[in-house]
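*Asks:* Coordinates for the following, if possible.
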Amino acid sequence: MTDSKIQYDRSFLRLLEFSPFERRLGGGWRFGTKIISDVIAERLIASGLTEISGIHLRLKRSANMRESDLPP
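*Replies:* Model (predicted):
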């Protein structure tokens, strides 16, 4: 994965620290008024740091996960 994609994904991981993304009826995800594509959500899930829970995309939190565990 290129450095620009990692940095781009990191901004979405930061948003997930505040609140989960909600699935949209027309496809994709939303965080407030911000629309997140399915491709980005799939990439975040593939990274192993997020999971789908019902209609929400959330950060996976283990008991020992810290902010320093997020990719740079």
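
*Asks:* and the residue nearest to residue 34 when sequence neighbours are not counted, what does it touch?
*Replies:* Closest residue to residue 34 apart from its sequence neighbours, by Cβ to Cβ, 6 or more residues apart in numbering: residue 15 at 7.5 Å. Using the backbone N, CA and C atoms, a C-beta is placed for each residue, glycine as well. Residues in contact with residue 15 (Cβ atoms under 8 Å, 6 or more residues apart in numbering) are 21, 31, 34.

*Asks:* filter these to the buried ones?
*Replies:* 21, 31 (16 or more other Cβ atoms under 10 Å).

*Asks:* between the contacts of residue 15, which is closest to residue 60?
*Replies:* Comparing those against residue 60 with Cβ to Cβ places residue 21 closest, at 13.5 Å.

*Asks:* in this protein, which spans are strands?
*Replies:* With DSSP state E as the criterion, the chain has strands at 21-23, 29-31, 34-36, 50-53, 56-59.
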